[in-house]
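Q: please work out how this folds:
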Amino acid sequence: MTLQKKDAVEVFAAGEKGRGLRTTKEMQAGEVVFTEASFAAVVFDSLYLQVCHNCFRRQANPHRCAQCKFAYYCDRTCQRAAWEEHKLECAAIRQQGRAPSENVRLAARTLWRMQRHTSKVSDGQLTTLDLLEDHISDMAPEDLKELNVDVQKFLEYWPRKSKQFGVEYISHIFGVIKCNGFTVSDQKGLQAVGVGVFPNLCLVNHDCWPNCTVILNHGNQTALDAALHSQRRIELRALGKIAEGEELTVSYVDFLNVSKDRQQLLKQQYYFHCKCEHCSKGIKDDLMMAVKEKDGKKPSAELVKEVTDFSVQKLAKIEEARTAGNFQEVIKICHECLEKQEPVLADTHLYLLRVLRIASEVLSYLQIFQEAAEYARRMMEGYRKLYHPNNAQLGMATMRAGVIHWHAGLIEAGHGMICKAYAILMITHGPHHPMTKDLESMRTQTEMELRLFKENEHVYHSMREAVLSSKPIGGGKVQ
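A: Residues are numbered from 1 along each chain as shown. Down below sits the predicted model:
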């Protein structure tokens with residue numbers, strides 16, 4: 001049964017999954033299925049001083065709202081653009097004397113938006129917040145307790161002059177936010193800086209091996225279509241060819257977990273049991289838990305258990321040291337862990353890949369690029385066997401590995417990885433995303449350096465060393 005259409009998609013009854021979205025025409029890899037501006041969005045509590053509350057860009061010296069002294073903006077232009085959305089919030093914060101939590105602020109912005117425009121703000125919106133699932137009846141007692149606290153905090157914050165809502169409806173809005181809130185990233189797409197509600201996106205069901213990906217693409221102010229001017233706009237993009245009438249899916253969780261762990265995470269966070277093909281058949285679980293074979297023989301079950309238990313324990317220690325900023329300790333534990341893992345675990349084992357990822361990141365931060373590059377290379381070999389070839393996280397990991405190799409002076413490998421990352425991000429992010437543009441610049445730069453390397457390896461390394469040491473080529477006293 002078709003309920004409503006928008007561009008190349010339509011809402012349909014998706015069986016036990018409830019409603020879903022499907023295509024009304026064939027789609028190709030990298031094609032934008034639809035775009036959507038946020039219904040409402042807020043900056044995270046932890047970043048409210050550093051991120052513009054209008055466009056969500058990070059700012060070193062943001063401009064503060066003189067009235068509530070809570071909201072910050074790039075400049076007065078952003079502040080004026082945000083005023084319609086902020087003015088009621090501004091008055092409520094002044095009245096209470098302080099800003100509430102991000103959940104309460106998002107619920108309030110959502111309800112103020114509904115007051116202004118009802119729960120449907122445009123013809124392109126395929127559903128209303130009233131029709132979205134809140135899963136309150138499925139929540140664990142501790143989740144319900146948190147929701148009830150949020151409701152009480154909301155009632156204290158909500159102005160008496162605004163339209164009043166019942167506790168049941170307010171609870172519904174908080175339930176929708178908990179199950180459907182989508183993180184909003186900064187201008188580069190590298191860090192989550194806030195959370196928003198996107199009604200159409202809420203209709204796209206989960207699959208662990210999806211045919212679409214969703215990214216935030218900050219608005220293009222020069223576009224003819226005013227809908228593309230929003231600074232908080234998501235794009236649903238096809239990862240490959242999608243047939244007409246095929247359901248559109250995205251992944252709600254990272255694929256790099258075995259099926260039962262992904263199912264458990266989805267049950268805890270989104271209140272459904274995943275029955276996708278990869279979970280039902282345990283596809284790639286064997287690779288994620290694979291062990292090494294020597295002369296056709298596998299290590300004993302006892303040894304495998306010993307190494308995996310050791311890995312779990314050490315990964316917890318690594319996280320503690322990393323959080324404390326003790327990076328030398330992180331590297332020390334990584335070395336210990338790899339020494340134990342390498343004879344037993346295959347190159348696609350999740351625990352080995354997690355240690356390799358952390359080691360490469362921390363060593364790169366410490367500018368020990370040669371060792372970081374080796375760990376990044378091994379990590380990427382495992383990732384390519386596990387991830388969908390057009391997975392956005394694979395693209396970002398490939399980009400980081402390429403940059404590490406570039407910094408290590410391994411220009412051939414670095415350029416190759418940067419080119420592979422660029423090809424993936426052209427599909428997942430599109431040509432106009434800031435990350436894709438950055439990659440295009442890197443690809444041009446590494447291509448130029450690679451040509452120089454092939455012409456004269458000695459000159460290339462001499463120039464590179466001069467740049468790294470900030471000395472002129474041929475510097476020093478003339479004898």
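
Q: what residues of stretch 288-297 count as buried?
A: For stretch 288-297, burial by neighbour count (16 or more other Cβ atoms under 10 Å) applies to 288, 289, 290, 291, 292. To be clear about C-beta, it is placed using only N, CA and C from the backbone, and glycine gets the same treatment.

Q: in contact with the fourth one, which residues?
A: Residues counted as contacts of residue 291 (Cβ atoms under 8 Å, 6 or more residues apart in numbering) are 298, 299, 304, 344, 345, 346, 349.

Q: apply 10 Å and report the result again.
A: For residue 291, the contact set (Cβ atoms under 10 Å, 6 or more residues apart in numbering) comprises 298-301, 303-304, 307-308, 343-346, 349.

Q: how about it, phi and psi?
A: Phi and psi for residue 291, reported as degrees, to the nearest 10, are phi -120, psi 160.

Q: again, but for the first one
A: Backbone torsions for residue 288, taken as degrees, to the nearest 10, come to phi -70, psi -20.

Q: could I get the full set of strands for the protein?
A: 2-6, 9-13, 19-23, 32-37, 40-43, 63-64, 72-73, 182-185, 192-197, 205-206, 212-216, 233-238, 249-250 (DSSP state E).

Q: for these, give me JSON lines that also has mean pLDDT and mean neighbour count.
A: Compiled in JSON lines, those are given as follows (pLDDT from 0 to 100; neighbours: other Cβ atoms under 10 Å):
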{"stretch": "strand 2-6", "mean pLDDT": "47", "mean neighbour count": "13"}
{"stretch": "strand 9-13", "mean pLDDT": "92", "mean neighbour count": "18"}
{"stretch": "strand 19-23", "mean pLDDT": "94", "mean neighbour count": "20"}
{"stretch": "strand 32-37", "mean pLDDT": "91", "mean neighbour count": "20"}
{"stretch": "strand 40-43", "mean pLDDT": "94", "mean neighbour count": "26"}
{"stretch": "strand 63-64", "mean pLDDT": "93", "mean neighbour count": "15"}
{"stretch": "strand 72-73", "mean pLDDT": "94", "mean neighbour count": "22"}
{"stretch": "strand 182-185", "mean pLDDT": "85", "mean neighbour count": "18"}
{"stretch": "strand 192-197", "mean pLDDT": "91", "mean neighbour count": "22"}
{"stretch": "strand 205-206", "mean pLDDT": "96", "mean neighbour count": "18"}
{"stretch": "strand 212-216", "mean pLDDT": "91", "mean neighbour count": "22"}
{"stretch": "strand 233-238", "mean pLDDT": "92", "mean neighbour count": "22"}
{"stretch": "strand 249-250", "mean pLDDT": "96", "mean neighbour count": "20"}
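
Q: and residue 365, which of the ones you listed is closest to it?
A: Of all the strands of the chain, it is strand 192-197 that lies closest to residue 365, at 19.9 Å by Cβ to Cβ.

Q: export the closest one to PDB, keeping only CA atoms.
A: Below are the C-alpha coordinates for strand 192-197, written out as PDB (Å, rounded to 0.1, in the frame of the first residue of the first chain):
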ATOM      1  CA  ALA A 192      29.400  15.200  15.900                       C
ATOM      2  CA  VAL A 193      28.500  18.500  17.400                       C
ATOM      3  CA  GLY A 194      24.700  18.300  17.900                       C
ATOM      4  CA  VAL A 195      21.600  16.300  17.400                       C
ATOM      5  CA  GLY A 196      18.500  16.900  15.200                       C
ATOM      6  CA  VAL A 197      15.200  15.500  14.100                       C
END
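
Q: skipping adjacent residues, who's closest to residue 139 in space?
A: Spatial nearest neighbour of residue 139, excluding adjacent residues (Cβ to Cβ, 6 or more residues apart in numbering): residue 147 at 6.9 Å.

Q: in the stretch 301-450 of the chain, which ranges drop under the pLDDT threshold?
A: Along the stretch 301-450 of the chain, no part satisfies pLDDT under 70.

Q: can you give me the helices for it?
A: 301-323, 327-341, 350-365, 369-386, 392-407, 411-428, 434-455 (DSSP state H, counting those that start in this stretch).
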